[in-house]
Each structure stands twice: as C-alpha cells, then as structure tokens.
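**Q** Could you work out the structure for the sequence below:
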Amino acid sequence: QVRLVESGGGVVQAGGSLRLSCAASGRSFNSLAMGWFRQAPGKGREVVTALNYLGDSTYYAESVKGRFTISRDTAKNTIHLDMNNLELADTAVYYCAATQRILSVAAVQDDYEYWGQGSQVTVSS
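**A** Numbering: from 1, shown residues only. Okay, here's the model as predicted:
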C-alpha cells in the first residue's frame with residue numbers, strides 16, 4: 001500500500017508561480033512511477049505530467065509544456081510540480097498519483113492505483 005500526501009496549492013495571480021509537493025510512504029519510492037493530474041470544474045480528470053520510476057523520463061501535456069516541471073527528491077520520497085507563468089485555465093484540483101504496476105511513464109489515469117487527496121490551485125486575473 002502507498003500513501004500519498006500532497007501539499008502546496010492556493011491562490012495565485014495569472015503569470016505567477018506555485019509549487020505542489022507529494023510525499024509518498026509505504027513502499028520503496030524507487031519502484032514507483034508517478035504523475036500529476038488535474039480536474040477543472042465541470043471537466044474530467046486529465047494528465048498534466050508523468051515521471052518514470054527512474055526519474056529520467058517525463059511526459060508533459062501540451063498545455064503545460066515549457067511552464068510546468070516535474071521533479072523528484074529521492075531522499076525525501078517526494079515529487080514536486082513547479083508551475084510557472086500560470087494561466088486562468090490552470091485552475092483545477094491537482095492530484096498526484098503513483099503506480100507500482102508500470103515502471104515507464106504512465107500518462108493515463110487508469111494506470112495508477114494510488115492517489116493523493118487533491119490540492120486546489122486557483123489562478124486569478
């Protein structure tokens with residue numbers, strides 16, 4: 001069993017930056033592929049970015065390429081999502097996710113069996 005606890009999030013003006021973090025416990029961090037998803041009001045959950053279990057291969061949705069960065073800190077069993085140049089369309093609840101079934105980059109939510117509690121990110125004009 002893997003437990004994911006998110007932190008960060010909040011309200012930021014358009015053009016600003018924010019960092020989300022997700023701490024994993026319960027299983028070897030180095031055996032987990034991880035990702036970030038988001039769900040905007042009235043919309044389905046979509047992938048934002050994903051990282052393979054080695055941390056050396058990534059995927060980014062087109063809408064966030066060049067603005068968002070996923071990274072991991074193996075010493076703290078934590079992944080981060082650094083969000084820069086935020087846009088109104090980035091407003092959503094953000095979820096971190098982990099899988100031990102897939103070691104490569106997983107960009108589909110059905111690939112993941114563990115989820116964080118969700119963090120609200122609101123971008124204001």
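
**Q** can you list the weak-confidence ranges in the protein?
**A** Of all residues in the chain, none has pLDDT under 70.

**Q** List the beta-bridge partners for residue 36.
**A** residue 49, residue 96 (DSSP bridges).

**Q** In contact with it, which residues?
**A** By CB atoms under 8 Å, 6 or more residues apart in numbering, residue 36 lies in contact with 20, 22, 47-50, 70, 79, 81, 94-97. For glycine as for every other residue, the C-beta is placed from the backbone atoms N, C-alpha and C.

**Q** Equivalent analysis for residue 30, please.
**A** With contact set as CB under 8 Å, 6+ apart, residue 30 has these partners: 53-54, 74.

**Q** about what we covered before: going by neighbour count, which of the contacts of residue 36 comes out on top?
**A** If you count neighbours using other CB atoms under 10 Å, the busiest of the contacts of residue 36 is residue 96, which has 29 neighbours.

**Q** In contact with it: list those residues for me.
**A** Contacts of residue 96 (CB under 8 Å, 6+ apart): 4, 6, 20, 22, 34-37, 79, 81, 115-116.
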